[in-house]
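Sharing a model prediction with you, sequence too.
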Amino acid sequence: MAWIAAGVMGAGAAVLMGNSLTEIDSGGVAHAALGWAGVLAVVIAGWTTSNPTIYRAGLALQAVTRNGSRTRITLAVGVVTTVIACFPFVFSRLLDFVGVYGLVLCPAGAIVLTEHWLFPMLGWRRYWLEAEGRGALNVPALVAWLSSMIVAFGLHLAGVHLFFLFVPTYVAAGAVYAVLASRAGARKNISAVPPTVRPTPSYAVAPSRRSNHGRNRFWGVIAVAALGACFWLGLRIALGGLDGYAESHAALKSWLGWPTLAYFVAGTLFVRGRKQR
């Protein structure tokens, strides 16, 4: 639903600005359609999307570097990516970058799916690498990943579009890994191998904290009212017709920011209050 709304907003902004949508950045689209409320929505949407991405990138670098501070590494990753995002080539070629990024990572998902779901169906072993004692490097997985990249590169040279390379790359990685892993030891009978016992992690149960239910309900009412005000401002334009459209749209761009800001603030406080119950 969010993607449909974004597409409609982008098409409307392109008509209003008299320019092609491919030549307008997301901030320009949001401002042309919704004023500073759209800019606020873009900032918050980018913030909520970037936070987990930067955090997991920091965790990955922390795993590679020894004795590295998680806070400092995550902060460094955030600064570097923020600087890179300031250059126009990043958002102008974002779809291509995301396509290549997903194409590089999709074989890992195929390998995980093959070992954890396909192997038990075939009567093969999961975690066979540990049982065989062959070290930390899974050679069949590495070869499967490289093979799938070769398949993807060959199909790309043959004229297949980047967005259609996911399926053949995924299938190739899973098939190659299944063949190589079966020859490396995964095909041995499960009953002949003692099962690997993995300790079940224990989590400390946080003590329950009582929250002020009345205050939490107040923030919920404010959030719903603010969302209703946003809906009413948009509906007012839709029902107003072409007569007075310019004035209604100008009023929308001027006033929509206030209920939008109230919704984000009140909604955040409401969710935090529910989690503390």
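Now that the structure is in, tell me what you want to look at. None of the values given here were measured: they were computed from a predicted structure.

C-alpha only now, for contacts and for neighbours.
Will do.

Grab the most central residue of this protein for me.
Nearest to the mean C-alpha position of the chain, by Cα atoms, centre = their mean, lies T49 at 6.4 Å.

Can you check what pLDDT the model gives it?
For T49, the pLDDT comes out at 77.

What about W36, how many residues nearby?
The tally of other residues near W36 (other Cα atoms under 10 Å) stands at 20.

Then A262?
Around A262 there are 18 other residues, counting by other Cα under 10 Å.

L252 too?
Using other Cα under 10 Å, the number of residues around L252 comes to 21.

helix or strand for it, which one?
Per DSSP states H and E: L252 is located in helix 245-255.

Give the other helices and strands that whichever helix or strand comes after that helix contacts.
Using DSSP H and E, the helix or strand that directly follows helix 245-255 along the chain is helix 257-275. Using 3 or more Cα pairs under 8 Å, 6 or more residues apart in numbering; DSSP states H and E, the elements in contact with helix 257-275 are helix 36-64, helix 213-240.

Walking through the stretch 101-250 of the chain, point out its helices one by one.
For the stretch 101-250 of the chain, the helices defined by DSSP state H, counting those that start in this stretch cover 119-122, 128-132, 139-157, 166-181, 213-240, 245-255.

among these, which is the most enclosed?
Of all the helices of the stretch 101-250 of the chain, helix 166-181 has the most neighbours on average by mean count of other Cα atoms under 10 Å, namely a mean of 20.

Any stretches of the stretch 51-200 of the chain with poor pLDDT?
66, 134, 189-200 (pLDDT under 70).

ok, now with 90
51-102, 105, 122-123, 125-138, 162-163, 183-200 (pLDDT under 90).

roughly how far apart are L146 and A110?
In this view, L146 and A110 are 13 Å apart by Cα to Cα, to the nearest Å.

With N138 instead?
14 Å.

which one of those two has more residues nearby?
A110 (21 against 14).

Identify the residues contacting the more buried one.
Applying Cα atoms under 8 Å, 6 or more residues apart in numbering, we find A110 in contact with Y170, V171, A173, G174.

Please name the residues that touch the second one.
By Cα under 8 Å, 6+ apart, the residues touching V171 are A110.
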